[in-house]
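1. Here is my input, please return the structure:
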Amino acid sequence: MTTSKPQLWIGAFTGFYKPDVQEVLGLDAVSRFLYSARSVILVISAQAALIAGLLAMGAGRFSTPDFLLVLIGFVVAHMISNLSNDYFGFKRGHDTPDSPRMRYTVHPLASGVLNTRTLVTGLAILAAIGIAITVYFVVERGWVAVGFAVAGVALLFLYDAAPTPLKSIGLGEVATLLVWGPLMIGGGYAMITGGLNGAVILASVPYGLGVMSILTGKHVDQMRFDSGRGIRTLPVLIGEPAARALIIASLLAMYAITALLIVLGEITPFAAAIVLAAPRALNAIQIMSRPRPATAPPGYVGWPLWYHRACLVHNRLFGWVFIGGLAFGAVWRWVQP
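-> Numbering: from 1, shown residues only. Predicted structure coming up:
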């Protein structure tokens, strides 16, 4: 049975990473571009947009067109970031054949999945979409949009494009907390509603911590390679035991801060739905509490990513149940007399 192109495109956003380069090479240009942009991880940006939108809806200040533009803008920016990360990693000689990056999924340049024309064309389209959305919000929201746009572009540049990138001096992990927490959720809320809100910034922290755990887990997985290349990620600087302890603390803080927000009345009790993700959090904590296996278990997908995958699987569910709780809360407030 032949798989249609739309089905192939949707497949790039689901499951886990796709390591089979030959299989990806046989796909159409759009599918190759989506796999190269690591579209499976783009869910974290979509979830951040949904959280921002639901917080705006709960405040009675929701705008469907502005929300859709925020959603598209976040996903586009994330795709650009992924491709930029691979470009500079390849140019700096970090993404070598023996690197972890080359083993768990396709690399757009090193694996030859994308030719220069497809890569440049795709990036040009993404950049045009991103610029158009930014201009719209600058016109509509003024200086607050300028501030968030400048902060976003600056962090995108500093993370991997700068001469001394943040990820090489132990600040990349903190940057992800800021980007997928206050910057995306707080900024998305501001773009949808036209105003900033301190409670929303606090409500963004649990999800930002979840994304930070994903990246920290990835850097623990590849710290031996990174240290040999002079890439001083946070796990390289503080050591594996401390890095795994930081991930555990981040996972626990996600639930503690959400509970605090409920107690303070900043979000509705429906957000307690996050308890549905607690078993995955406990599983991730158990994984963080012991050394990774020497080899991949039978049938394991995504090796050598181990800690990273546990955090990604947890955060994906945490995000959806948190979104579900916020959605029920927004509806409940709307139907109240």
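
2. Val144 and Ser168: what is the separation?
-> Val144 sits 31 Å away from Ser168, going by CB to CB, to the nearest Å. No exception for glycine: its C-beta is placed from N, CA and C like everyone else's.

3. Between these two, which has more neighbouring residues?
-> Shown here are Val144 and Ser168; by other CB atoms under 10 Å, Ser168 has more neighbours (21 against 16).

4. Count the neighbours of the closest residue to the more buried one other than its chain neighbours for me.
-> Computed as CB to CB, 6 or more residues apart in numbering, the closest residue to Ser168 that is not its neighbour in sequence is Ile231, at 5.1 Å. Look at Ile231: counted by other CB under 10 Å, it has 20 neighbours.

5. any idea how far Ile231 is from Asp28?
-> For Ile231 relative to Asp28 (CB to CB), the value is 34 Å.

6. With Pro298 instead?
-> From Pro298 over to Asp28 the distance is 32 Å, taken as CB to CB.

7. more neighbours, these two?
-> Taking other CB under 10 Å, Pro298 and Asp28 do not tie; Asp28 has more neighbours (11 against 5).

8. Surely the more buried one is in contact with Pro6?
-> No - with contact defined as CB atoms under 8 Å, Asp28 and Pro6 do not form a contacting pair (10.7 Å).

9. Return the residues in contact with the residue nearest the centre of the chain.
-> Among the residues of the chain, the one closest to the centroid is Ile44, at 4.1 Å (CA atoms, centre = their mean). Ile44 is in contact with His78, Trp180, Val211, Ile214, Asn315, Arg316, Gly319, counting by CB atoms under 8 Å, 6 or more residues apart in numbering.

10. ditto for Gly73
-> With contact taken as CB under 8 Å, 6+ apart, Gly73 is in contact with Ile129, Gly130, Ile133, Thr134.

11. The same query, at a cut-off of 6 Å, please.
-> Contacts for Gly73 were tallied using CB atoms under 6 Å, 6 or more residues apart in numbering; they are Ile133.

12. and if you look at the one 3 residues further on?
-> Residues in contact with Val76 (CB under 6 Å, 6+ apart) are Leu126, Ile129, Gly130.

13. Mind checking which of these are in helices?
-> In helices, judged by DSSP state H, the following of the contacts of Val76 are found: Leu126, Ile129, Gly130.

14. Among those, which one sits closest to Val24?
-> Leu126 (19.2 Å; CB to CB).

15. What about the closest one, how many residues nearby?
-> Residues contacting Leu126 under the criterion other CB under 10 Å number 19.

16. what's the burial count for Phe322?
-> Neighbourhood size, Phe322 [other CB under 10 Å]: 29.

17. Name the helix or strand for it, please.
-> Assigned by DSSP states H and E, Phe322 falls within helix 307-335.

18. Tell me where the stretch 201-337 of the chain has helices.
-> With helices called from DSSP state H, counting those that start in this stretch, the stretch 201-337 of the chain shows them at 223-228, 234-238, 240-264, 278-288, 307-335.

19. now those as TSV including distance to Phe74 and mean pLDDT?
-> Formatted as TSV, those follow (distance: least, CB to CB, whole Å; pLDDT from 0 to 100):
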stretch	distance to Phe74	mean pLDDT
helix 223-228	27	86
helix 234-238	24	94
helix 240-264	20	96
helix 278-288	24	97
helix 307-335	13	91
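
20. Any chance of those in JSON lines with distance to Gly152 as columns?
-> Formatted as JSON lines, those follow (distance: least, CB to CB, whole Å):
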{"stretch": "helix 223-228", "distance to Gly152": "25"}
{"stretch": "helix 234-238", "distance to Gly152": "21"}
{"stretch": "helix 240-264", "distance to Gly152": "22"}
{"stretch": "helix 278-288", "distance to Gly152": "28"}
{"stretch": "helix 307-335", "distance to Gly152": "20"}
